[in-house]
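Enquirer: Here you go, sequence then predicted model.
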Amino acid sequence: MNPFLALLYSRAIAHGVAALPLAAVTDADALLPLTRSGARVVLHLHWTNWLLRGVQSTEEADARIADLLDRLDGFIGGGGRLVWTVHDVFPHDAVLVAKEARLRQAIIDRSAVVHVMSPATADAVAHRFTIPPERVLHVPHPAYDGAYEDYVDRATARFALGLDPDDIVHLVIGALKPYKGLLGLLDAFAAMPDGDAAHRRLLVAGKPDGSPLTS
C-alpha cells in the first residue's frame, strides 16, 4: 500500500547493497552463511507494531519481547548486524506503552545504526527511549514524486470530482485511521463561518481501516 520501502531501497543496488524482503524476522538467519564469504548481512527493522498487537497482559508482552530479543541476539551473534528505522515514538494503536518503550530501547541497544528521518527525532523520543548520537544516521523521508501515476490535469480532476474551479479544497489522503484525528477535522470544518466556507470543500481519499470510527 505504501511505496516508502520501495523508494527507500530503490538505489541500494547501486551502492552494493542487495535489499531482500523478509516475511519474518527469523528468515534473516538463512542469510548468515553469506558472512563466511565476507558478505555483510544486515537486518533492517522498521515498524514493530506487529509484535504486541492485540496483547493485553504484561506477561504475554514480556514473553513476546524476550522471544524477539533472543532471535536478534542469535542473529547478531552469528555475524549479522541490525539497523532500525524510527517511524514513530510508539505504534499508533499501542496499549502497553511501557512495554513498547522497553522493546524500542532493546532494539536500539542492539542496533549498529539507527535511521531517523528528522534531525529532531532523538530529542522527540528522549522522554521514552535514548538513541546514542554516534549511531544516528539521518536520511530524510523520500518524496513520493513519481511513485504514483500522475496523468490527470487540474481541470479534469476538479470536473471528475464535482469541484468548481475556484473551490478551495482541503484534502485528507492516505489510510483512514482513528489516530489521525478525523473527528476533530470534521468538527473544525463544520465550524467554519458560513462566508468563509462558501467555496471550501473537504475531500477525503483513503482506505478505511475497518474500525467503527472509519467504517
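Expert: Everything's here; your move.
Enquirer: CA atoms for contacts and neighbours, from now on please.
Expert: OK.
Enquirer: and stretch 116-131, what's its mean pLDDT?
Expert: In this model, stretch 116-131 has an average pLDDT of 95.
Enquirer: Tell me the buried residues in it?
Expert: Along stretch 116-131, these residues count as buried under the neighbour rule (16 or more other Cα atoms under 10 Å): 116, 121-122, 125, 129-131.
Enquirer: Same list, these, but as TSV with secondary structure and distance to Asp166 please.
Expert: Output for those, formatted as TSV (DSSP: H, G, I helix; E, B strand; the rest coil; distance: Cα to Cα, whole Å):
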residue	secondary structure	distance to Asp166
Val116	strand	40
Thr121	helix	39
Ala122	helix	43
Val125	helix	42
Phe129	coil	48
Thr130	coil	49
Ile131	coil	48
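Enquirer: Now for Pro91: which residues touch it?
Expert: By Cα atoms under 8 Å, 6 or more residues apart in numbering, the residues touching Pro91 are 47-49.
Enquirer: Kindly recompute the last result at 10 Å.
Expert: Pro91 makes contacts with 47-50, 52-53, 97, 100, as judged by Cα atoms under 10 Å, 6 or more residues apart in numbering.
Enquirer: Check Met117 too.
Expert: 85-87, 137-142.
Enquirer: can you tell me which two in the contacts of Pro91 are farthest apart?
Expert: Trp47 and Val97 (15.0 Å; Cα to Cα).
Enquirer: Which residues does stretch 184-200 contact?
Expert: 163-170, 172, 182-183, 201-202.
Enquirer: In strands, which of those residues fall?
Expert: 168-170, 172, 201-202 (DSSP state E).
Enquirer: okay, those residues in JSON lines with distance to Gly79 and pLDDT next?
Expert: Shown next, in JSON lines, are those (distance: Cα to Cα, whole Å; pLDDT from 0 to 100):
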{"residue": "Ile168", "distance to Gly79": "56", "pLDDT": "91"}
{"residue": "Val169", "distance to Gly79": "53", "pLDDT": "93"}
{"residue": "His170", "distance to Gly79": "50", "pLDDT": "91"}
{"residue": "Val172", "distance to Gly79": "45", "pLDDT": "90"}
{"residue": "Arg201", "distance to Gly79": "56", "pLDDT": "91"}
{"residue": "Leu202", "distance to Gly79": "52", "pLDDT": "92"}
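Enquirer: Widest-spaced pair of the residues you listed?
Expert: Once Cα to Cα is applied, these give Ile168 and Val172 as the farthest pair, at 13.4 Å.
Enquirer: which residues are in contact with both of those two?
Expert: Leu202.
Enquirer: buried sites along the helix ranked longest in the chain?
Expert: What stands out as the longest helix in the chain, according to DSSP state H, is helix 58-77. Buried residues in helix 58-77, defined by neighbour count with 16+ other Cα under 10 Å: 61, 64-65, 68-69, 71-72, 75-76.
Enquirer: For Val41, see how far away the spatially most central residue of the chain is.
Expert: Nearest residue to the geometric centre of the chain (Cα atoms, centre = their mean): His87, 4.5 Å. Look at His87 and Val41: by Cα to Cα, to the nearest Å, they are 22 Å apart.
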